[in-house]
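Trainee: here is the input, now give the coordinates:
(one chain, ligands or ions: 2)
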Amino acid sequence: MTKKIPTILLRVGMYVTQLDRPWIETPFLFRRFEIKTQQQIAQIQEYCHHVFIDTERGIDIDIADVPASDGGSLPENIPPNSPSQTSATGQSTVSFEDEIQQALEVRSKTKQVVEHMMEDARIGNSIDSAEAREAVEGIMDSITRNREALLCLTQLKNRDEYTSIHSMNVSILCIAFARHLGLKEDQIRAIGVGALLHDLGKIPFGDEYTEVLTQVRTEQQALIILEKKFLEIDHEEVGEMIASKWKLNAVITDAICHHHSPELALPEHQALVATVALADFYICLFDIGYAGNRFPNESQLSSLLDMCGLQWTTVMGLSEAVDAEIKKAEIFLKV
Ligand SMILES: [Fe+2]
Ligand SMILES: [Fe+2]
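Mentor: Ligands and ions are numbered 1, 2, ... in the order given. Predicted coordinates:
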């Protein structure tokens, strides 16, 4: 069986069948090979964000052994490539092709809203939360009409605009998870805004942040740990100051202050904040839109899945559905 995995989850003994970039652009001798050393893993990580492995010819991914959450009364896993499972009733109401143009508009509008909010944070203004709510409702509606269209657009990368694109991608994925979990509309709206704002605490950092981002690559550690090490304050703590100045509501504040540690959120918000944390984790793990955090703490994954009530196969099912649609949508992605 072939599986797509982020390169930070590679282990000696896995059999690589495909890279995420043309083989000719890499120094690897063979197109398909078994990983025999840690050095090989480091070299693959240098060139690739994800690869495909054959689990019959080599060992399987550890994460597949993550204990499944019982999920309570939650829906079953999404089978791979199931574009029809979009809304609470499990049906897309419009086709991917019909939704993609609207999804492009939602994406462009949301990007503007996030950029506004980032600018407000930078100059010390308070945010227009009505604008944020409206953007989140646009995402919610698009995902209800057809989940894959907007999820597809999260694959677009633009490193110049990384914070706004990253925040929007986390919000889109978080809303897709929340829809799958069958959360109430007002909860989805609150957590969608929380996801849009979750990394707000990064904004006030100045040029010194570039050095921290460089250290993330060198030390292969989580961004938040290195912020504390080099700047003596992390973006959750800075975010807490901004949230209290802006008097943001409790769910949004918890998403900003605890998206790297949802167990510290208020008990009634932990599952919601964990949904933001899982979306952020996934997007960093697969490097979908640059967030400067290539090495999130993978030991957190199991507890995040448990707190959300999701299973890894569900998360990967979403990803596979999106990948399948991306192939169909290349023409739109070039717009
Ligand atoms: Fe963060
Ligand atoms: Fe983030």
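Trainee: neighbours around Glu105, how many?
Mentor: Burial of Glu105, expressed as a neighbour count using other C-beta atoms under 10 Å, amounts to 11. (Glycine included, C-beta is placed from N, CA and C.)
Trainee: next: the one 5 residues further on.
Mentor: Burial measure for Thr110: 27 neighbouring residues, criterion other C-beta under 10 Å.
Trainee: that one contacts Val170, doesn't it?
Mentor: No - Thr110 is beyond contact range of Val170, at 11.5 Å (criterion: C-beta atoms under 8 Å).
Trainee: mutual contacts of these two, please.
Mentor: Contact criterion C-beta atoms under 8 Å, 6 or more residues apart in numbering; residues bridging Thr110 and Val170 by contacting each: Leu196.
Trainee: show the pLDDT at Val238.
Mentor: The confidence metric pLDDT takes the value 90 at Val238.
Trainee: is ligand 2 within reach of the helix or strand containing it?
Mentor: Mapping Val238 onto the secondary structure by DSSP states H and E places it in helix 235-246. No - taking C-beta under 5 Å from the ion as the criterion, helix 235-246 and ligand 2 are apart, separated by no less than 8.5 Å.
Trainee: so how far is that helix off the chain centroid?
Mentor: Its chain's C-alpha centre lies 21 Å from the corresponding centre of helix 235-246 when counted by C-alpha atoms, centre = their mean, to the nearest Å.
Trainee: try stretch 273-288
Mentor: Between the centre of stretch 273-288 and the centre of its chain there are 3 Å (C-alpha atoms, centre = their mean).
Trainee: tell me if that stretch is near ligand 2.
Mentor: Yes - interface with ligand 2: stretch 273-288 contributes Asp280 (C-beta under 5 Å from the ion).
Trainee: picking that back up, in CSV, list the C-alpha atoms belonging to the helix holding Val238.
Mentor: Provided in CSV are the C-alpha atoms of helix 235-246 (Å, rounded to 0.1, in the frame of the first residue of the first chain):
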residue,chain,number,x,y,z
HIS,A,235,3.9,34.1,20.2
GLU,A,236,1.2,32.6,22.4
GLU,A,237,2.2,35.0,25.2
VAL,A,238,2.3,38.0,22.8
GLY,A,239,-1.0,36.9,21.5
GLU,A,240,-2.5,36.8,25.0
MET,A,241,-1.5,40.5,25.4
ILE,A,242,-3.2,41.5,22.1
ALA,A,243,-6.3,39.4,22.9
SER,A,244,-6.7,41.1,26.3
LYS,A,245,-6.1,44.5,24.8
TRP,A,246,-8.7,43.9,22.1
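Trainee: what is that helix packed up against?
Mentor: Under the contact criterion of 3 or more C-beta pairs under 8 Å, 6 or more residues apart in numbering; DSSP states H and E, helix 235-246 touches helix 223-231, helix 250-258.
Trainee: highest average neighbour count across those?
Mentor: Greatest average neighbour count among the helices and strands packed on helix 235-246 goes to helix 250-258 (a mean of 24), per mean count of other C-beta atoms under 10 Å.
Trainee: that one to helix 235-246, inter-axis angle?
Mentor: In this structure, helix 250-258 runs at an angle of 150 degrees to helix 235-246, with axes from the mean of the first three to the mean of the last three C-alpha atoms, to 10 degrees as the basis.
Trainee: pLDDT on helix 250-258, on average?
Mentor: 94.
Trainee: cheers, nothing more for now.
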